[in-house]
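In: Curious how this folds, go ahead:
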Amino acid sequence: MSGPGAGSGTAAGKVALPGLLEAKRRGEKVAMVTAYDAPSARLADAAGIELILVGDTAAMVVLGLDSTVPVSLDEMLVLTRAVSRSARHALVVGDLPFGSYELSDEQAVASAIRMVKEGGVDLVKLEGAGRMADRIRAIAESNIAVMGHVGLTPQSATRLGGFRAQGRDARAALALLDAACAIEDAGAAAVVLEAIPATVAAAISARLTIPTIGIGAGGACDGQVLVWHDLLGLTPEPLPRFVQRYAELADEIAAALDSYVADVRSGQFPESRHTYTMPAEELERFQAALAARERG
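Out: Numbering: from 1, shown residues only. I've put the predicted structure just below:
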């Protein structure tokens, strides 16, 4: 069993939040990956991934939308349920989508409760700081674990000037540090740092007691996260500079589909080994019945 789950007193193999905090203290890195369905969750779990994020990136990589903004809480719940059913080792993090937490603390808590009760998640995640720190505090005080998210926050990418790195001047970098500290003070269990200079992420990680999970934020973060489709080569170019492909599954899938289509059209598929048979006596009865019908 990996370090983050050790000594947690939970069911065998299950990662626990105290284990993640202990991993940070020991300088051990943790891995988070997005997943949006049961097969992906099973594979991530088998790999020993500590955190599975059911991200609102599903809007783009699963639902075919142009941004994360349109996805609804109900749609996210369908995906989180599928992942939660299959994750036995990893902690499941459910992304609260745009519009499900911004209006008030009460709305944020209600959405988080749905994520836990209906989606089966272990933590909820939401973007931003400022008044969003109040939302985090309200959720945490409702005994629900929360993960924050600062830097490039895709739900507000338009306001930030698009999908671009944040915190690249001293003033902005200090604002990110203050935001991350406010999120920790509000009771967050961890925070995602997205698309910020590695030096800024290192300063934030050194000052927080909670784990930082980086995506485009350098190696000093306490963990890293990548989108499932990006790391497996299922997303078309261009990709953000922080993406590392670990496979080119789109090419393999395309080749497999080409072979399937060719075999169907040529009659090579299915073969006899792919079909079912009848007992000889039943086949004889069936053929006799057909002959009788044809005679009228």
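In: pLDDT weak spots in the chain?
Out: 1-12, 158-162 (pLDDT under 70).
In: What ranges does it have for its strands?
Out: 30-34, 51-54, 91-95, 123-125, 145-151, 190-194, 212-215, 223-226 (DSSP state E).
In: Please identify the most buried of those strands.
Out: Neighbour counts (mean count of other CB atoms under 10 Å) averaged over each of the strands of the chain peak at strand 51-54, with a mean of 30. Bear in mind the C-beta positions are built from the backbone N, C-alpha and C, glycine included.
In: distance between that one and the chain's centre?
Out: Put simply, strand 51-54 sits 4 Å off its chain's centre (CA atoms, centre = their mean, to the nearest Å).
In: re earlier: could I get the strands of the chain as CSV with distance to Ala254?
Out: Formatted as CSV, the strands of the chain follow (distance: least, CB to CB, whole Å):
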stretch, distance to Ala254
strand 30-34, 22
strand 51-54, 27
strand 91-95, 29
strand 123-125, 33
strand 145-151, 34
strand 190-194, 30
strand 212-215, 27
strand 223-226, 22
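In: Gly167 is nearest to which of these?
Out: strand 145-151 (6.5 Å; CB to CB).
In: Note down every partner strand of that closest one and its orientation.
Out: Its sheet considered, strand 145-151 pairs with strand 123-125 (parallel), strand 190-194 (parallel) by DSSP bridges.
In: Outside of the lengthiest helix in the chain itself, which residues are in contact with it?
Out: If you go by DSSP state H, the chain has its longest helix at helix 249-266. Contact with helix 249-266 is made by Leu232, Gly233, Leu234, Thr235, Pro236, Gln268, Phe269, as judged by CB atoms under 8 Å, 6 or more residues apart in numbering.
In: The fourth one touches Val61, doesn't it?
Out: Yes - between Thr235 and Val61 there is a contact under CB atoms under 8 Å: 6.5 Å.
In: Please enumerate the shared neighbours of those two.
Out: Joint contacts of Thr235 and Val61 (CB under 8 Å, 6+ apart) are Val227, His229.
In: follow-up on the earlier one: make a PyMOL selection of whichever of the contacts of helix 249-266 turn out to be buried.
Out: What follows is the PyMOL syntax selecting those of these that are buried according to 16 or more other CB atoms under 10 Å:
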select buried, resi 232+233+234+235
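In: Of the contacts of helix 249-266, which is the nearest to Leu20?
Out: Leu232 (24.6 Å).
In: Grab the two from the contacts of helix 249-266 that are most spread out in space.
Out: Most distant of the contacts of helix 249-266, by CB to CB, are Thr235 and Gln268, 32.0 Å apart.
In: pull the CA atoms of stretch 173-180 into CSV?
Out: Output in CSV follows, covering the C-alpha atoms of stretch 173-180 (Å, rounded to 0.1, in the frame of the first residue of the first chain):
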residue,chain,number,x,y,z
ALA,A,173,2.4,36.0,-7.6
LEU,A,174,1.8,37.5,-4.1
ALA,A,175,-1.9,37.5,-4.7
LEU,A,176,-1.8,33.8,-5.6
LEU,A,177,0.2,33.1,-2.4
ASP,A,178,-2.4,35.0,-0.3
ALA,A,179,-5.2,33.2,-2.1
ALA,A,180,-3.7,29.8,-1.3
